[in-house]
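Asker: got a predicted structure here, sequence first:
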Protein chains: 2
Amino acid sequence: MKKPLILITNDDGIAAPGIRYLIKLMRTIGDIIVVAPDKPQSGTGHAITVASPLRMEKVSVDGKHVEYSCSGTPVDCVKLAVTKLLFAKPDLLVSGINHGSNSSINLIYSGTMSAAVEGSIESIPSIGFSILDYSFDADFLPAEKHILSIARKVLKNGLPERTCLNVNIPATNKLKGVKVCRQAHAYWADGYEERKDPHHHKYYWLTGEFINDDKGKDTDEWALKNGYISVVPVQYDFTAHRAIPLIKHLEE
Amino acid sequence: MKKPLILITNDDGIAAPGIRYLIKLMRTIGDIIVVAPDKPQSGTGHAITVASPLRMEKVSVDGKHVEYSCSGTPVDCVKLAVTKLLFAKPDLLVSGINHGSNSSINLIYSGTMSAAVEGSIESIPSIGFSILDYSFDADFLPAEKHILSIARKVLKNGLPERTCLNVNIPATNKLKGVKVCRQAHAYWADGYEERKDPHHHKYYWLTGEFINDDKGKDTDEWALKNGYISVVPVQYDFTAHRAIPLIKHLEE
């Protein structure tokens, strides 16, 4: 039987431990192609490169396999891979494993998830994986069997049309299982730390506090807090359908 | 009566004709504060600056009024304005007028709309305006009365919770009116033009063809094609709620 073709990318850059681990896992279930940013691209959201050209270079991070490192964003990586490297759509796209949470509102700022969303726009079954541990020493082992199982199930059954998966993994070695959830209504109470450079000019560092007012037990935040891997199906029709009748007074 | 406070930003940069026009219009209905990127930021999506500090400088583009130019993305501008410049939430946030369409799928790549979405995350009634004309000579005049009318109505009535508006303006001087719509299911068939630099290394320029398979007459693409300004209510819960029961087999 022909092995499935799996496209792998991320937003922490091609050398990050998260993508190296994902590559190792995906090799056990398919043929893989890696196209990932040449540097960290966290917080890039669904950015694309339109005003400058892109570079894409063959590299071999492990000294054995050919991979592709790209000067652009995670979304650029997906577009370039599909357009310039692959003759057919891959059977699966996986993005990550991101170092840090992409649960609830974090999704909107996430390069990891934007790569998965771009995959679903291009009709590729796509999954973004993230672990709630910013450290490059994050322990992926407890989640290994679940990551493989989710990937295998998606390869076998596909995903609902125009939908990708946002998978977040709590940083624990006592995982309780996998829950399908909705995105919690949470937000960041932003702050900026103000400093002065050696030339006495002000600059600002983004800080902030994550606030979850959503008490639902069907949310990703609940699942993660209670030791479960959260799986949220994500779509890219941003229309607030229920709001349409409420703003009809704007018609002229 | 106290004048409403209006926060203005964009993604084409503080000197772009679109934001200068919007500033002129908003001055007629409120007190304004401008915090906009110091350079073009098209295609930045919902990017934020986390790995480097931000600069924000007082400038006076017209030689009369103080405005703020920011080194970051449109979303950074909103966060910085709300956190560091304003003592209270503004009554309205307007972003644009973007030079180029942000209808249907373009929304996801749009810095203009990400600023409006960020505003709605921060509970500010927010509107992104875009005109279907990339030229810096774009003619905003035919849309002027509608832009003012939409802004006034939103100031008066607010917007449904967790919703902002994506307003697109066709490039015509024969506007038929304003339609409330849903986002069309359209996409870009991407291409990359491959070139070689003087050192014989390859680089790639993003190209592509816009494809709209959605024949609905309730979409933004239909409205724009038929001479109407399109108004789509936009929300930021990306959960594909209808897909939740369809992927329950992923639970473990």
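Answerer: Received it, and whenever you're ready, just let me know what you need.

Asker: where do the helices sit along chain A?
Answerer: With helices called from DSSP state H, chain A shows them at A:17-27, A:74-80, A:111-121, A:144-157, A:220-225.

Asker: pLDDT averaged over the fourth one - what is it?
Answerer: Okay, so that is helix A:144-157. Across helix A:144-157, pLDDT averages out at 98.

Asker: what about it, near chain B?
Answerer: Yes: applying C-beta under 8 Å from any C-beta of the partner chain, one finds helix A:144-157 touching chain B at A:146, A:149, A:150, A:153, A:154, A:157. Every residue, glycine included, has its C-beta placed from N, CA and C.

Asker: can you list the low-confidence ranges for the stretch 151-252 of chain A?
Answerer: Along the stretch 151-252 of chain A, no part satisfies pLDDT under 70.

Asker: at 90 what do you get?
Answerer: Applying pLDDT under 90 to the stretch 151-252 of chain A flags the ranges A:189-191, A:207-208.

Asker: and the strands in it?
Answerer: In the stretch 151-252 of chain A, the strands defined using DSSP state E, counting those that start in this stretch lie at A:163-169, A:177-180, A:186-196, A:202-212, A:228-235.

Asker: and these as TSV, adding mean neighbour count?
Answerer: Conversion of those to TSV gives the following (neighbours: other C-beta atoms under 10 Å in any protein chain shown):
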stretch	mean neighbour count
strand A:163-169	28
strand A:177-180	19
strand A:186-196	15
strand A:202-212	15
strand A:228-235	26
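
Asker: turn the ones you listed into a markdown table, columns for distance to chain B.
Answerer: Converted to a markdown table, those look like this (distance: least, C-beta to the nearest C-beta, whole Å):
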| stretch | distance to chain B |
| --- | --- |
| strand A:163-169 | 5 |
| strand A:177-180 | 4 |
| strand A:186-196 | 5 |
| strand A:202-212 | 4 |
| strand A:228-235 | 4 |
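
Asker: reformat those strands as JSON lines; add distance to residue B:90.
Answerer: JSON lines is the format used below for the strands of the stretch 151-252 of chain A (distance: least, C-beta to C-beta, whole Å):
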{"stretch": "strand A:163-169", "distance to residue B:90": "31"}
{"stretch": "strand A:177-180", "distance to residue B:90": "38"}
{"stretch": "strand A:186-196", "distance to residue B:90": "15"}
{"stretch": "strand A:202-212", "distance to residue B:90": "19"}
{"stretch": "strand A:228-235", "distance to residue B:90": "30"}
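
Asker: next, count neighbours for residue A:184.
Answerer: Close neighbours of residue A:184, defined as other C-beta atoms under 10 Å in any protein chain shown, add up to 25.

Asker: and it, how far is that from chain B?
Answerer: Distance, residue A:184 to chain B, by C-beta to the nearest C-beta, to the nearest Å: 9 Å.

Asker: nearest to residue B:53, out of the helices of chain A?
Answerer: Nearest of the helices of chain A to residue B:53, taken as C-beta to C-beta: helix A:111-121 at 19.6 Å.

Asker: name the helices or strands packed onto the closest one?
Answerer: Here helix A:111-121 touches helix A:74-80, strand A:92-99, strand A:126-131, strand A:163-169, strand A:228-235, going by 3 or more C-beta pairs under 8 Å, 6 or more residues apart in numbering or on different chains; DSSP states H and E.

Asker: thanks a lot, catch you later.
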